[in-house]
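Q: Predicted structure and sequence below. I'll ask about it afterward.
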Amino acid sequence: MNIRLLFKTASGLYTYQNELLSFSFRKDAYLPYTVLNAKLRCTSDIPKNSCEVSLYIGNKLLHHGTIDTLTETLSGGTSIASFSSRGFTSMLDQNQIEPGLKFNISFNQLMDSFYPLPYITHENNSDSSGYIYVDKNSTMWDSIVNLAYRQCGRYPYIRDDNCVRITPVPQPAVFSYNNSQLLSVGSEISGKRLISHFHMANMSGEYGEYELEDTDVVNAKIVRHHYLDLDMEFLRDPQDALFFRDKYAFRARKRFFCSYSGYNGEDISDIVTFQNIISQRIAAVSVRGSQRGVITEISVYEDKFPRDP
């Protein structure tokens, strides 16, 4: 399987590196960027001022992002480099916009009207019936999350090469694996993020009016009380602020996964069938590899956000 790394400097100088020793790539429906970590034997010098990196498997671009760290070590006449990188959509989680209420704003306007962020694209959605409240110190990603939930009842995600989407892809690729094709199958339950009780203040700063108890969490004998200021994002329906937080705390509560040798091009929101999982939307893709080969792990989630096929 042909795996290539492409480094680029601010001046546009490209350097290819093919001798990967190991790498791990991760993409998750609840993470606003892809993550790549790798170690390689340098067949040519990597420019010290490299600022971005791309990972290709075959002809498919899996990752394109900024370089967070890049370390090069010379030992025994061999140069070994290791780096970590996040996709360019990580900038959505690092930029703030002017606080305040913004009425009649569409997803297109939110993505296009503030900062020219490199390489980031998005689905076309011009519905301007909604509004957002930008709180102090909140990020662009926070606003995308709020608008996606208000318009679609969903959580936004990253697909393809740094493309932000708030709705399921309308023509997903479909993948089906039988047991003979798989290296492993499994499941996981996570309770570390669950919250049992939410309490939110009203306009007067008093508590008791807006309350939510998650009986699923209480029945699991988990007791975690969180107190919140009034969420201005949900002024039209303050109780919905608690419903959203409950869904987010419940994210990826149950995970079902399978792994196989190689990589077939799966992405978030594609459809997969394996073992007892029938036509579910993919929620996470992890690819790891070394000189011995490549292994892909596909995950689907059961939580409180919709996962319709």
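A: Noted; the coordinates are in hand.
Q: Please work out which residues outside the helix or strand of the chain with the lowest mean pLDDT touch it.
A: Using mean pLDDT, DSSP states H and E, the weakest-scoring helix or strand in the chain turns out to be strand 14-17, at a mean of 83. Residues outside strand 14-17 that contact it (Cβ atoms under 8 Å, 6 or more residues apart in numbering) are 4-8, 40, 42-47, 50, 81. Where C-beta positions appear, they are placed from N, C-alpha and C, glycine not excepted.
Q: buried stuff in it?
A: Within strand 14-17, the residues that count as buried by 16 or more other Cβ atoms under 10 Å are 15, 17.
Q: after the longest strand that the chain contains, next one along is what?
A: Counting by DSSP state E, the longest strand found in the chain is strand 60-75. Sequence-wise, the next helix or strand downstream of strand 60-75 (DSSP states H and E) is strand 78-87.
Q: Can you tell me what sits against the next helix or strand along the chain from that next one?
A: The C-terminal neighbour of strand 78-87 among helices and strands, as given by DSSP H and E, is strand 100-103. Applying Cβ under 8 Å, 6+ apart, the set of residues contacting strand 100-103 from outside is 131-134, 232.
Q: so what's the closest residue to residue 137 other than its chain neighbours up against?
A: Among residues not flanking residue 137 along the chain, residue 96 sits closest, at 6.8 Å (Cβ to Cβ, 6 or more residues apart in numbering). Shown in contact with residue 96 (Cβ under 8 Å, 6+ apart): 137-140.
Q: give me that answer again for 10 Å
A: 114-115, 134-140, 142-143 (Cβ atoms under 10 Å, 6 or more residues apart in numbering).
Q: ok, residue 89 - contacts?
A: By Cβ under 10 Å, 6+ apart, the neighbours of residue 89 are 31-34, 64-65, 117, 119-122, 140-141, 144, 156-158, 161-164.
Q: Tell me the confidence at it?
A: Listed pLDDT for residue 89 reads 98.
Q: so residue 301 bridges to which residues?
A: Per DSSP bridges, the residues bridged to residue 301 are residue 255.
Q: and it, how many residues sit next to it?
A: Residue 301 has 24 neighbours, counted by other Cβ atoms under 10 Å.
Q: gap between it and residue 108?
A: 28 Å (Cβ to Cβ, to the nearest Å).
Q: Could you do residue 32 as well?
A: 18 Å.
Q: So those two - more neighbours on which side?
A: Remark: of residue 32 and residue 108, residue 32 carries more neighbours, 23 against 15, as counted by other Cβ under 10 Å.
Q: Next up, the contacts around the more buried one.
A: Residue 32 touches 86-87, 89-94, 139-142, 144-145, 156-158, 164, counting by Cβ under 10 Å, 6+ apart.
Q: ditto for residue 299
A: Per Cβ under 10 Å, 6+ apart, neighbours of residue 299: 28-29, 186-188, 252, 255-259, 272, 277, 280, 282-286.
Q: Which positions in the one helix or strand it maps to come out as buried?
A: Using DSSP H and E, residue 299 falls within strand 293-302. Residues of strand 293-302 classed as buried: 294-302 (neighbour count, 16+ other Cβ under 10 Å).
Q: quick one: average pLDDT of it?
A: On average, strand 293-302 scores 97.
Q: pull the CA atoms of it into PDB?
A: What follows is strand 293-302, C-alpha atoms only, in PDB (Å, rounded to 0.1, in the frame of the first residue of the first chain):
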ATOM      1  CA  GLY A 293       1.300  -2.900   7.100                       C
ATOM      2  CA  VAL A 294      -1.800  -0.800   7.800                       C
ATOM      3  CA  ILE A 295      -4.700  -1.500  10.000                       C
ATOM      4  CA  THR A 296      -8.000   0.400  10.000                       C
ATOM      5  CA  GLU A 297     -10.500   0.600  12.800                       C
ATOM      6  CA  ILE A 298     -14.100   1.700  12.000                       C
ATOM      7  CA  SER A 299     -16.500   2.800  14.800                       C
ATOM      8  CA  VAL A 300     -20.200   3.600  15.100                       C
ATOM      9  CA  TYR A 301     -21.800   5.300  18.100                       C
ATOM     10  CA  GLU A 302     -25.000   4.900  20.000                       C
END
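Q: Good, wrapping up.
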